[in-house]
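In: no FASTA, just this:
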């Protein structure tokens, strides 16, 4: 008899849906705030985990077979010894799960700058009619030069969404070359970074590279905050080199109240909400149950993490 | 020898571009703030006008052949006697000219509600991190039921832009039927009105019809303010029937400081900037010169106004 451990925060309806999908398999569900001494024994006797358990629990559980994470990121498990663990334990993540909402958030933020929504929201707050005075500062995304830095599901979906805008799109993925990237940045109206934190991506958008960007361009970061140097980005926005930036991810989250970004002009902070939707827990349950069906039938699981590759 | 009168506000570079395009044709250019007694004699001797002259000037100019308006709207000329005037005078407008920026503004406003940009802009202003708390309220446009009220160039372009979102689109144009519209509104997640002010469209979105709309839906008006009843819309937003409204056009513009819309929640006021772009004067000049070439070659002009139809 199989046991499944789950530590997502679920409503009663969601718990019932999960149990129904698991059939006769025993479900042990504990909210994340249940004390370790109560939850951990049930974790220890489970074969499958749905959620993100502490990495220390994984190491000491000798018969765990499969963990379905409820995230795309898995940085907290990178330091485990996967040369040994990898032989008996499979980890799957939600790769691709958030691509639709994140791509919509990127487009929402970018269009906000092109069409002045960020300023209009503040003008409404101040009951200030600017009307025709706004028009000279407005632009369209139509026909823009776009650089997509990162070739995962999010940028693929974003490229789909902007297809009707007639943009020229240049893509950079693993093995990108400095000269080629710098040349493209100099001509880009919009740069969208969706890459994870890896030694290769850390600090790519430092002061030197931001200074390569075209005057009046827009920068969007929906990957990881470590890709960009915060002060260099804030300077580029304050100095008017960049028209705007849409930042979903920052080095520290929550962003500390004293951080300069709060006072940086033409910066939309989406507060790592890019992947959010009202129905995301329901969708995660369906994702897990689909993978659980594959597991039972001995089929290949969806979105198996490759720890050797690092993302 | 032909004479062209123009009353757009132009830079020296733009004036030079216009004269170059007109070749040997005499250009009389006066900014809108030049007194009538100086400008009007040059208007009287011109065959062609580029701009929106006072309607009283048109009536008393017996040899005027063609007016290229710098707008889509031509309400200020509707009351003239077109049964007589129409025999000797052609009016062209900029129909379709603004469809690209307006469609982008509609999408920018709509996505702002789905992805929380309006709230995020105010949270940044207040240096307030909400993070994960935002996620349950976020939604995606993907797969939404969309009603397009108005079948002109703007809604056609908007339909192009949302093609990748996999929406179900229902269109209503002239001759729409009440029962059919009400039924569609009850199922629509998003309703976009782009119709002009005509007896048929005035007050279409009154209290009764807004109450037919689906709970949590979004309403966008980029046609004319007379289509909607302001108080009914404000009530629908305050009461939570509508998730949001994107309003480009209002009955009074500028919107009076005491108007309720300034204090209505979940309302993005784009202040009739929807058609604006930094290069719009340049684009208007090119539009006029293109039509001028047709005029000289005796070809059919682009976007001739049909005063019998009223738009």
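Out: Cool, got the structure. Keep in mind the model is a prediction, meaning the values are calculated, not measured.

In: tell me the SS of the residue of chain A most remote from its centre?
Out: Most distant residue from the mean C-alpha position of chain A: residue A:132, 37.4 Å away (C-alpha atoms, centre = their mean). Classification of residue A:132 by DSSP: H, G, I helix; E, B strand; the rest coil places it in helix.

In: Tell me if I'm right that residue A:192 and residue A:222 touch.
Out: Yes: using C-beta atoms under 8 Å, residue A:192 is in contact with residue A:222, at 7.1 Å. C-betas here are computed from N, CA, C, even on glycine.

In: where do the contact lists of the two overlap?
Out: residue A:106 (C-beta atoms under 8 Å, 6 or more residues apart in numbering or on different chains).

In: count of neighbours near the closest residue to residue A:262 other than its chain neighbours?
Out: Spatial nearest neighbour of residue A:262, chain neighbours left out: residue B:127 (4.2 Å); criterion: C-beta to C-beta, 6 or more residues apart in numbering or on different chains. For residue B:127, the neighbour count with other C-beta atoms under 10 Å in any protein chain shown is 15.

In: one step back: which pLDDT value belongs to the residue farthest from the centre of chain A?
Out: Model confidence at residue A:132, expressed as pLDDT, equals 94.

In: Likewise for residue A:235?
Out: 98.

In: Quick check: the residue of the stretch 1-150 of chain A nearest chain B.
Out: Among the residues of the stretch 1-150 of chain A, residue A:135 lies closest to chain B, at 2.9 Å counting by C-beta to the nearest C-beta.

In: how much space between that residue and residue B:105?
Out: 11 Å (C-beta to C-beta, to the nearest Å).

In: and what of residue A:17?
Out: In terms of C-beta to C-beta, residue A:17 sits 40 Å off from residue B:105.

In: Count the neighbours of residue A:143 for me.
Out: For residue A:143, using other C-beta under 10 Å, the count is 11.

In: Can you report how many residues lie near residue A:309?
Out: Neighbours of residue A:309 using other C-beta under 10 Å come to 8.

In: Same question for residue A:304.
Out: 14.

In: Which residues does it form beta bridges with?
Out: Residue A:304 forms beta bridges with residue A:92, as assigned by DSSP bridges.

In: name the helices or strands packed onto whichever strand or helix holds residue A:185?
Out: Secondary structure from DSSP states H and E places residue A:185 in helix A:178-187. Of the remaining helices and strands, those touching helix A:178-187 by 3 or more C-beta pairs under 8 Å, 6 or more residues apart in numbering or on different chains; DSSP states H and E are strand A:145-149, strand A:168-172, helix A:207-210.

In: Tell me which of these is the most buried.
Out: Mean neighbour counts were compared across these using mean count of other C-beta atoms under 10 Å in any protein chain shown; the top stretch is strand A:145-149, at a mean of 23.

In: avg pLDDT for it?
Out: Strand A:145-149 comes out at a mean pLDDT of 98.

In: overlap in contacts of residue A:135 and residue B:105?
Out: Joint contacts of residue A:135 and residue B:105 (C-beta under 8 Å, 6+ apart) are B:273, B:275.

In: From the neighbour counts alone, determine which of these two ranks first.
Out: Neighbours were counted for residue A:135 and for residue B:105 using other C-beta under 10 Å; residue B:105 has more, 31 against 20.

In: Show the contacting residues for the more buried one.
Out: Here residue B:105 is in contact with A:115, B:222, B:248, B:270, B:273, B:274, B:275 (criterion: C-beta under 8 Å, 6+ apart).

In: who are the neighbours in contact with the last one?
Out: Residue B:275 makes contact with A:135, B:72, B:97, B:98, B:101, B:102, B:105, according to C-beta under 8 Å, 6+ apart.

In: Redo those residues as JSON lines? Include pLDDT and secondary structure.
Out: Formatted as JSON lines, the contacts of residue B:275 follow (pLDDT from 0 to 100; DSSP: H, G, I helix; E, B strand; the rest coil):
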{"residue": "A:135", "pLDDT": "96", "secondary structure": "helix"}
{"residue": "B:72", "pLDDT": "91", "secondary structure": "coil"}
{"residue": "B:97", "pLDDT": "96", "secondary structure": "coil"}
{"residue": "B:98", "pLDDT": "96", "secondary structure": "coil"}
{"residue": "B:101", "pLDDT": "98", "secondary structure": "helix"}
{"residue": "B:102", "pLDDT": "98", "secondary structure": "helix"}
{"residue": "B:105", "pLDDT": "98", "secondary structure": "helix"}
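
In: can I assume the residue nearest to residue A:262 sits in a strand?
Out: No: counting by three-state DSSP, residue B:127 is not part of a strand but coil.

In: Spit out the contact partners of it.
Out: Residue B:127 touches A:257, A:262, A:263, counting by C-beta under 8 Å, 6+ apart.

In: among those residues, who's most crowded?
Out: Per-residue neighbour counts (other C-beta under 10 Å) across the contacts of residue B:127 peak at residue A:262, which has 18 neighbours.

In: From the contacts of residue B:275, pick the one nearest residue A:188.
Out: Closest to residue A:188 out of those is residue B:101 (20.9 Å), distances taken as C-beta to C-beta.
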